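Asker: Sharing a model that was predicted from the sequence below.
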Amino acid sequence: MYAKRLRRATEALGFRLPKNFRSKLVKLTITTVSIASMGMNIGVANAANYTNASVALSDPRPSVASNYTFTASSVTASLTKCVKITASTTNGGTTAPTGFDMTSYTVNAGSTLINSNLTGWSGVLAGSGSNKNILSYTNSTGITPSTTTGATFVLQNVTNSSVVDTSYFYTVATFGSIDCATTPIDATVIKFINTNGSTLTLSVDPTLTFTVNSVASGQLCNGATSTVASTATTIPFGPVTTATDQVVCQDLTAATNATNGYTVYTRYTAKPTNLLGQTIADWTGTNTAPTAFPAAGTEAYGYTTSATSLGTGTAGRFVGGNWAAETTTNAEVGYSATGVTNTTYRIGHQVGVSLTTKPGSYTTNIIYTCTPIY
């Protein structure tokens with residue numbers, strides 16, 4: 001009937017149709033239908049499409065373990081018994097990306113697409129060879145998603161493909177049956193790419209600052225009080241009598257970025273000596289076992305430190321006003337196990353004389369050393 005009407009209309013316009021017009025019209029109709037059907041492949045038949053769908057890789061580098069966090073909205077609140085994940089080289093395909101493997105996967109219990117509850121769920125893997133790229137995650141009882149916007153499904157400990165800068169396809173589909181084929185609910189396909197990380201390099205120079213600073217008279221110095229002011233380069237005891245010992249203090253300040261901190265040492269070049277070669281006796285306390293300084297009237301020279309946590313021996317051995325004899329080898333008076341921005345140790349020097357101490361001007365050199373430990 002349609003062919004007759006078309007023939008009459010064309011003849012009225014002055015055109016003539018061929019005799020086999022009817023068969024060609026049938027062929028044209030069939031061809032049109034075939035072309036239209038080619039654009040209707042949506043991956044999972046009769047499934048609704050998620051919106052705002054994405055997949056985030058915790059580490060996109062090739063061949064490393066990564067977590068794949070799928071997020072989507074417009075989730076259908078229907079009884080769901082299967083979540084099917086497929087990673088493939090083509091849209092709608094099943095061929096695994098080279099090196100991609102789900103064998104050691106776990107599902108994060110916080111996945112809201114399954115109501116943050118793993119109870120009753122189990123997975124079956126499929127794929128080519130030893131590499132598994134298809135997961136059918138099922139629950140015979142099923143759940144109805146309570147989160148329909150921004151729902152997540154997190155697949156953990158997945159080995160990335162070994163190929164970089166190539167697009168692959170991540171398909172997420174849900175079903176109302178445990179065969180993961182019938183009763184489709186929602187589906188989407190997302191592209192993802194593995195990329196090499198960028199190598200960042202930088203260098204940090206080692207740092208160390210160490211200063212010797214003056215301390216005024218009348219300042220506390222590990223239980224003693226300074227009687228004479230010091231400078232950064234002098235320890236000027238001045239006149240000493242049997243009636244009163246002299247105490248001079250200096251502050252040592254250290255800072256370093258050394259990983260294992262630093263140690264501060266003290267030593268002298270020799271006992272305090274006068275022009276005749278006569279010396280002031282060392283105090284009997286030692287760095288490993290310092291003791292209280294004697295009362296005035298006893299010839300002795302020694303040092304103390306405010307450090308309460310040294311790195312060798314008894315850490316707080318100077319606490320409480322203990323003093324030790326200087327030696328010509330380094331002795332610990334400060335310590336930090338890590339790098340610090342600024343730490344100060346107060347070092348005290350004390351001298352006493354007796355009635356038999358020889359007269360004269362005594363001198364020696366005190367040497368402080370700060371050694372960083374990188």
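Answerer: Arrived safely, thanks for sending.
Asker: Now do the strands in the stretch 51-200 of the chain.
Answerer: Per DSSP state E, counting those that start in this stretch, the stretch 51-200 of the chain carries strands over the ranges 51-57, 65-73, 80-88, 106-107, 122-126, 134-143, 151-159, 167-175, 184-193.
Asker: From those, pick the one with the highest average neighbour count.
Answerer: Ranked by average neighbour count under the criterion mean count of other Cβ atoms under 10 Å, the strands of the stretch 51-200 of the chain are headed by strand 80-88 at a mean of 23. (Glycine included, C-beta is placed from N, CA and C.)
Asker: Next, format the strands of the stretch 51-200 of the chain as JSON lines and append distance to Thr227.
Answerer: Putting those into JSON lines (distance: least, Cβ to Cβ, whole Å) gives the following:
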{"stretch": "strand 51-57", "distance to Thr227": "70"}
{"stretch": "strand 65-73", "distance to Thr227": "68"}
{"stretch": "strand 80-88", "distance to Thr227": "81"}
{"stretch": "strand 106-107", "distance to Thr227": "72"}
{"stretch": "strand 122-126", "distance to Thr227": "81"}
{"stretch": "strand 134-143", "distance to Thr227": "82"}
{"stretch": "strand 151-159", "distance to Thr227": "70"}
{"stretch": "strand 167-175", "distance to Thr227": "80"}
{"stretch": "strand 184-193", "distance to Thr227": "76"}
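Asker: Show me what Thr241 is bridged to.
Answerer: Thr244 (DSSP bridges).
Asker: pLDDT value on it, please?
Answerer: Thr241 carries a pLDDT value of 98.
Asker: and if you look at the one 4 residues further on?
Answerer: pLDDT recorded at Asp245 is 98.
Asker: Check the contact between it and Gln350; I expect there is one.
Answerer: Yes - contact status for Asp245 versus Gln350: in contact at 5.6 Å, counting by Cβ atoms under 8 Å.
Asker: Find the residues that touch each one of these two.
Answerer: Residues touching both Asp245 and Gln350 comprise Phe293, with contact defined as Cβ atoms under 8 Å, 6 or more residues apart in numbering.
Asker: In this structure, which strand is the longest?
Answerer: Looking across the chain with DSSP state E, the single longest strand is strand 340-352.
Asker: Quick check: buried residues in that strand?
Answerer: By neighbour count on 16 or more other Cβ atoms under 10 Å, the buried set for strand 340-352 is 343, 345-352.
Asker: Same list, those residues, but as CSV with distance to Gln250 please.
Answerer: As requested, the buried residues of strand 340-352 are arranged in CSV below (distance: Cβ to Cβ, whole Å):
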residue, distance to Gln250
Thr343, 15
Tyr345, 9
Arg346, 8
Ile347, 5
Gly348, 8
His349, 8
Gln350, 13
Val351, 14
Gly352, 19
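Asker: quick one: which of these is nearest to Ser66?
Answerer: Thr343 (43.7 Å; Cβ to Cβ).
Asker: how near is the closest residue to the closest one other than its chain neighbours to Arg346?
Answerer: In space, Thr343 comes closest to Ala254 once its chain neighbours are excluded; the distance is 5.6 Å by Cβ to Cβ, 6 or more residues apart in numbering. Using Cβ to Cβ, to the nearest Å, one gets 13 Å for the distance from Ala254 to Arg346.
Asker: same check, this time on Asn131
Answerer: In terms of Cβ to Cβ, Asn131 sits 67 Å off from Arg346.
Asker: Does Gly360 touch Gly277 like I think?
Answerer: No - contact criterion Cβ under 8 Å: Gly360 and Gly277 do not qualify, at 9.8 Å.
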